[in-house]
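Novice: Okay, structure incoming, though there's no sequence with it:
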């Protein structure tokens with residue numbers, strides 16, 4: 001019979017709980033649970049059923065016995081790398097509960113290098129498709145540089161550059177980069193079919209059930225992204241307000257995944273969507289001297305919807321606090337925010353000293369004297385940023401390097417949105433370039449010891465190359481970055 005007895009979420013919960021009870025009896029205080037979802041998903045069991053059953057037991061054991069835990073997803077070695085990619089896609093909605101990935105099953109004939117591409121995909125963070133932290137930080141820095149460049153040129157009513165402009169500009173290049181990745185995978189499968197074998201057909205799962213699984217996994221995060229991006233691009237909310245919307249939506253999604261009080265959470269999500277629609281079509285300002293009857297009804301409805309959102313948000317926060325997720329996220333947010341502000345303060349001091357010693361004038365003379373004029377200056381800056389990405393974090397480059405070079409390039413007539421997108425794609429390569437690429441560190445941390453560092457480096461090389469190709473395409477066709485912002489914001 002074996003694993004065939006594991007069918008429902010309760011089955012996985014009971015099995016995990018039995019293991020944890022034995023662990024508690026042995027006075028163990030921390031466990032790291034490795035699980036093989038492919039053995040169950042191949043039987044037609046939903047990935048969410050496996051994960052939710054295991055994590056509910058882990059949460060119960062923590063509340064009951066104080067046992068802390070980590071959950072490690074393992075790919076089966078005897079299956080294809082393509083099957084591992086499929087499992088990684090299924091896991092995308094549960095990454096808040098999965099702490100690492102590894103390999104399991106027979107090692108003979110299935111070396112770790114077989115899975116280096118999937119480990120690269122698991123550890124690489126997309127930093128070009130909005131909403132992206134790179135674009136947020138870069139947008140603020142470029143906005144200041146753009147105003148400075150215009151003031152230096154004697155323009156005392158300068159145009160502005162917003163994060164929304166960069167979001168719109170990066171959308172098409174980001175999707176183009178995704179297309180490059182897909183084409184690379186297709187090419188690799190055509191050249192080396194053994195590296196990408198066909199997926200096994202599951203006879204016990206219907207097409208309807210397969211579509212239901214796909215929609216359940218795909219619709220919520222896509223809806224959140226569309227809501228955040230749509231509120232910015234549609235002029236409904238500023239980037240800061242849209243960030244708050246994204247935070248609320250993420251908390252609701254996490255609360256729904258954590259289980260418990262799902263009706264309140266789902267009602268809050270529906271109310272949030274209704275609020276966005278209401279804001280789009282009605283005037284909800286309450287400080288007006290005259291408010292029509294229909295606007296009064298809309299404002300009352302907005303208050304009711306806000307109350308529903310607040311109830312669902314409270315339910316989600318309670319569930320996430322009980323499971324320990326909220327504490328970990330809060331601590332991580334505090335650490336990252338502190339790091340960013342420490343770098344920002346250091347960058348401001350550096351810029352002050354640099355300019356006081358005449359460094360900005362030296363850089364300006366250097367760039368303006370480059371062969372090729374503006375093109376030569378841009379190529380030089382892009383090459384320097386690419387090389388710095390081998391050794392510096394993208395935040396340091398944004399706060400230290402960009403304020404020095406961006407005003408000079410903007411005074412030479414470079415479009416600020418195009419320049420921002422070019423810099424964002426260039427900075428994305430820093431996540432995959434050794435020896436200090438963030439994604440490489442993430443990969444080294446989650447990959448088993450049998451996967452060597454050189455195998456990780458080799459797996460990342462094609463993706464760095466594709467990013468550089470995308471950089472070249474956008475340099476040749478600037479409209480890829482500038483067309484959408486002009487279309488969306490020219491009439492506003």
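Specialist: That came in fine, so what should we check first? Because the structure is predicted, anything quoted here is derived from the model rather than measured. Numbers count the residues shown, from 1 in each chain.

Novice: going forward, measure contacts and count neighbours with C-alpha atoms only.
Specialist: Fine.

Novice: Which element is encountered next along the chain beyond the longest strand seen in the chain?
Specialist: Using DSSP state E to define each element, the chain has its longest strand at strand 68-76. Using DSSP states H and E, the helix or strand that follows strand 68-76 in sequence is helix 81-90.

Novice: What is the helix or strand just after that next one packed up against?
Specialist: Under the assignment DSSP H and E, the closest C-terminal helix or strand after helix 81-90 is strand 100-104. Where contact means 3 or more CA pairs under 8 Å, 6 or more residues apart in numbering; DSSP states H and E, strand 100-104 is packed against strand 68-76, helix 438-446.

Novice: Quick one: closest of the ones you listed to residue 213.
Specialist: Shortest distance between residue 213 and the helices and strands packed on strand 100-104, using CA to CA, is found for strand 68-76: 19.4 Å.

Novice: May I have the strands that pair with the closest one, each with its orientation?
Specialist: Strand pairing for strand 68-76, determined by DSSP bridges: strand 30-35 (parallel), strand 100-104 (parallel).

Novice: What is the distance between the first one and the centre of its chain?
Specialist: By that I understand strand 30-35. From the chain centre to the centre of strand 30-35 is a distance of 26 Å (CA atoms, centre = their mean, to the nearest Å).

Novice: outside of that strand, which residues touch it?
Specialist: By CA atoms under 8 Å, 6 or more residues apart in numbering, the residues outside strand 30-35 that reach it are 67, 68, 69, 70, 71, 72, 73, 74.

Novice: could I get the helices and strands packed on strand 100-104 as a markdown table with mean neighbour count and distance to residue 332?
Specialist: Formatted as a markdown table, the entries for the helices and strands packed on strand 100-104 read as follows, by neighbours: other CA atoms under 10 Å; distance: least, CA to CA, whole Å:
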| stretch | mean neighbour count | distance to residue 332 |
| --- | --- | --- |
| strand 68-76 | 20 | 16 |
| helix 438-446 | 19 | 15 |
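
Novice: For residue 484, which of these is the nearest?
Specialist: Smallest distance to residue 484 across the helices and strands packed on strand 100-104 (CA to CA): 29.9 Å, for helix 438-446.

Novice: List of residues touching stretch 413-427?
Specialist: Defining contact as CA under 8 Å, 6+ apart, one finds that stretch 413-427 is touched by 127-128, 134-135, 138-139, 142, 146, 161, 165-166, 169-170, 374, 382, 385-386, 389, 394, 410, 467-468, 470-471, 474-475, 478, 481-482.

Novice: Next, please give the residue ranges for the helices of the stretch 201-350 of the chain.
Specialist: Remark: helices of the stretch 201-350 of the chain, listed N- to C-terminal, are 207-233, 239-258, 262-281, 293-323, 325-356; assignment by DSSP state H, counting those that start in this stretch.

Novice: now the stretch 1-150 of the chain, which segments are flagged as low pLDDT?
Specialist: In the prediction, the stretch 1-150 of the chain carries residues with pLDDT under 70 at positions 1-2, 78, 81, 93, 95-96, 104-131.

Novice: same thing with the stretch 201-350 of the chain?
Specialist: Per-residue confidence for the stretch 201-350 of the chain (pLDDT under 70) gives these ranges: 201-205, 259-260.

Novice: Would you confirm that residue 74 contacts residue 84?
Specialist: No - using CA atoms under 8 Å, residue 74 makes no contact with residue 84, being 9.0 Å away.

Novice: and of the helices and strands packed on strand 100-104, who's closest to residue 12?
Specialist: strand 68-76 (13.9 Å).

Novice: hmm, who's touching the closest one?
Specialist: Here strand 68-76 makes contact (CA under 8 Å, 6+ apart) with 29-38, 58, 62, 84, 87, 97-106.
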